[in-house]
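>>> I would like to see how this sequence folds:
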Amino acid sequence: MTCDALSCSLVGLAGLTFVIWFYLVALHHGFWRADQLLPKSITPRTGWPSVVALVPARDEAAVIGESLTSLLTQDYPGAFHVILVDDHSSDGTAAAAAAAAKRAGQSARLTVLPAPALAAGWSGKLWALNAGVGEAEVRFPDAPYLWLSDADIAQEPDLLRRLVAKAEDEHRVLVSLMAKLTCGCFWEKLLIPPFIYFFQKLYPFRAINDPKRRQAGAAGGCALVRRDALARAGGLTAMCGALIDDCTLGRLLKGAAPKESNGIWVGLSQGEARSLRPYDGLRPIWDMVARSAYSQLNYSPWLLAGTLIGMVLTYLAAPVIALAAWPLGVPLAGAIALAAWGVMILSFLPTLRLFGLNPLRAALLPLAALLYNAMTFSSAWRHWHGQGGHWKGRTQAGLEQGGASG
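I've put the predicted structure just below:
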């Protein structure tokens, strides 16, 4: 390759990265703004609908006390009950839940339900939730809302009121909140904000929240669901094999929402819903992503290849060219790549502010992208070797290929 050819190639590649970032920032639904937040103020109302919270739990004894207490002590004015579905835990989760309810003086508000044996074609979490839905139908048939809450999420005391107010005021069939993940250790600070950023890019919240657009998604750790809408969509049976259950739920409910509703809404937590599960090191974050990333790509090698190449072009090409172009004597390519990297950095700042982190960390987004690329390939590798979807002693690879969710 001649120097002229090298120069043209670098300038062309740098130009491509800049066009990519111009599109993402200017035309991709403002995903990077991180501005879809649950209102703190609540419109005054005279009545509050009944709600049943469903909590699937498998080996969560370490966190279930704090999580469940945050649910049982909600200052919700309407009728409210919590059903914890113990998914064959081996660590005393059910006993820990009952003890927490007793300490909070809320034993009457809690039902602990043992999950039935896992049925073929179902993911464990959805099977446990399905049992909870059935129990709610028998015990609380008139409750119009189900609050799906993960066992490792703590909720602020006024959160249920705010979720219900959002659903009622805006006529939404689903209101979900992406819990604020822990962000304390080195690896969490490096990788958790990019995880939220990438999720918003893949599922732009503004587009999801627009009833006129087809994009759909949700955050399953904290999701308030209209019971009639769930039934209209076919219930959890319609998504029984989904590993990425929250986004599947969003697609189902947005597709089945009546014309008079405003569909679904998803937002970011500012701390009103927060994860109790720390990621102490790289391995737990790696496993979290590798468990379902290939599922998100529909187990397609072609989508995998496209994703890996796309991540390299989007996040790695600009900084590499920006650092290498001047020593190679191609300053134009360096300037264009530096501009693209600058746009990338600026777009990441709102997500960093959400976590209260130093804005200088935005320059490390390419490093995080490189690691997430490796995690995505690792997810495919595990699937090819029959280890996909491994979670708490269960391997559920390929469920979505043969399950009801398609």
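
>>> CA only for contacts and neighbour counts going forward, please
Will do.

>>> check contacts around the residue nearest the centre of the chain.
Averaging the C-alpha coordinates of the chain gives a centre point, and the residue nearest to it by C-alpha atoms, centre = their mean is Ala219 (4.6 Å). If a contact means C-alpha atoms under 8 Å, 6 or more residues apart in numbering, then Ala219 has Ser176, Leu177, Met178, Ala179, Asp246, Cys247, Val266 as its contacts.

>>> ok, now how distant is it from Leu323?
Counting by C-alpha to C-alpha, to the nearest Å, the gap from Ala219 to Leu323 is 38 Å.

>>> Repeat that for Ile285.
Look at Ile285 and Leu323: by C-alpha to C-alpha, they are 29 Å apart.

>>> What of Gly334?
To Leu323, Gly334 is 7 Å away according to C-alpha to C-alpha.

>>> now swap in Ala100 and tell me
As defined by C-alpha to C-alpha, Ala100 lies at a distance of 55 Å from Leu323.

>>> before we move on, what about Gly310?
Gly310 sits 20 Å away from Leu323 when distances are taken as C-alpha to C-alpha.

>>> same deal with Ser89?
In terms of C-alpha to C-alpha, Ser89 sits 52 Å off from Leu323.

>>> for Val266, phi and psi?
Dihedral angles of Val266 (phi, psi; degrees, to the nearest 10) stand at phi -130, psi 140.

>>> Wait, it touches Leu177, no?
Yes. Checked against C-alpha atoms under 8 Å, the pair Val266 and Leu177 is within contact range at 5.7 Å.

>>> For the residue nearest to Ser347 when sequence neighbours are not counted, grab the count of nearby residues.
On the basis of C-alpha to C-alpha, 6 or more residues apart in numbering, the spatially nearest residue to Ser347 that is not a chain neighbour turns out to be Trp32, at 5.6 Å. A count of nearby residues for Trp32, using other C-alpha atoms under 10 Å, gives 24.

>>> after whatever helix or strand Gly306 lives in comes which helix or strand?
Element membership for Gly306, per DSSP states H and E: helix 301-311. Where DSSP H and E defines the elements, the next helix or strand beyond helix 301-311 is helix 317-324.

>>> and that next one with helix 301-311, angle?
In this structure, helix 317-324 runs at an angle of 40 degrees to helix 301-311, with axes from the mean of the first three to the mean of the last three C-alpha atoms, to 10 degrees as the basis.

>>> Next secondary structure after helix 317-324?
As assigned by DSSP H and E, the chain's next helix or strand after helix 317-324 is helix 331-354.

>>> Quick check: buried residues in the following helix or strand past that next one?
Counting by DSSP H and E, the next helix or strand C-terminal to helix 331-354 is helix 365-384. Residues of helix 365-384 classed as buried: 365-366, 368-370, 372-373, 375-380, 382-383 (neighbour count, 16 or more other C-alpha atoms under 10 Å).

>>> Low-confidence stretches in the stretch 1-150 of the chain?
Applying pLDDT under 70 to the stretch 1-150 of the chain flags residues 1-3.

>>> Show me the strands in it, by range?
Residue ranges of the strands in the stretch 1-150 of the chain, as given by DSSP state E, counting those that start in this stretch, are 51-57, 80-86, 110-114, 145-149.

>>> now, which of the contacts of Ala219 lie within helices?
Within the contacts of Ala219, residues falling in helices by DSSP state H are Asp246, Cys247.

>>> Next, give me the two most distant ones among the contacts of Ala219.
The widest separation within the contacts of Ala219, taken as C-alpha to C-alpha, falls between Ala179 and Cys247 and amounts to 14.4 Å.

>>> Based on its surroundings, how many neighbours for Leu304?
Residues near Leu304, counting by other C-alpha under 10 Å, number 21.

>>> sorry, back to before: can you pick out the residue with more neighbours from Gly334 and Leu323?
The neighbour count for Gly334 versus Leu323, taken as other C-alpha under 10 Å, is higher for Gly334 (25 against 14).
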